[in-house]
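Enquirer: My questions concern the predicted model and sequence given below.
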Amino acid sequence: MDELQNLKSRMEQERPAPWEDLPDIALYMDQLISYMPRQLIRFDEGNVLTSAMVNNYIKDGLVPRAEGKRYGPIHLGYLTAVVALKQVLSVRDIGALMGAGRALEKSPPEQYAYFRDALDHALTDTAQAIDPEADESDLAKMALDFAVRSYANQLACQRILHILQPQEEKNRKKQ
């Protein structure tokens, strides 16, 4: 099936830009918004990101404040992670996860590289489970397998975030 092959190919090949390939010139909000769809796989034409979303992520502490009205690689890196994670986590959970990452005292490029590696492994594993030769009668089974895997991953993620959150609160009190 061509659509399955297209899905498999995109999941095998499309990745966010490495840190060193992110624009090294400061971007204004409209440039940032137009750049972000290149960072993640999308199948619909809806907005990946709006200026209101960026401002809210900054207010929530998920993304650093802009330098003036300009956004650099650090903003693109954080926004790429937030936009991807927002598909499966609440803003609060993303904050806990990012806070735990910052507590490890890794630089933003190191955190971004870890995110990209984790995303690469997840997309590659999922792509391997897609059978482009499946006929229509197998699609429901394939979708169910992915849904159940998502459920199991979500359970594990939520429990681990629950374990992390008290540690995150302790770290905030130390500051």
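Expert: Done, it's in.
Enquirer: Kindly list the longest helix within the chain.
Expert: Using DSSP state H, we find that the single longest helix of the chain is helix 136-174.
Enquirer: could you give the mean pLDDT of the host helix or strand of residue 56?
Expert: Per DSSP states H and E, residue 56 falls inside helix 51-59. Averaged across helix 51-59, pLDDT comes to 96.
Enquirer: Pull out the buried positions in that helix.
Expert: The neighbour-count check on helix 51-59 (16 or more other C-beta atoms under 10 Å) flags 53-54, 57-58 as buried. Bear in mind the C-beta positions are built from the backbone N, C-alpha and C, glycine included.
Enquirer: okay if I get those as TSV plus distance to residue 15?
Expert: Formatted as TSV, the buried residues of helix 51-59 follow (distance: C-beta to C-beta, whole Å):
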residue	distance to residue 15
53	22
54	22
57	22
58	25
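Enquirer: From the opening residue of stretch 50-70 to its closing one, how far?
Expert: One end of stretch 50-70 sits 15 Å from the other (C-alpha to C-alpha, to the nearest Å).
Enquirer: outside of it, which residues touch it?
Expert: The contact list for stretch 50-70, computed with C-beta atoms under 8 Å, 6 or more residues apart in numbering, reads 26-30, 32-33, 74-75, 78-79, 82, 91, 94-95, 98.
Enquirer: If we use 7 Å, what do you get?
Expert: Stretch 50-70 has contacts (C-beta atoms under 7 Å, 6 or more residues apart in numbering) with 26-29, 32-33, 74-75, 78-79, 82, 91, 94-95, 98.
Enquirer: And these, which is closest to residue 153?
Expert: Nearest to residue 153 out of the contacts of stretch 50-70 is residue 94 (C-beta to C-beta; 15.5 Å).
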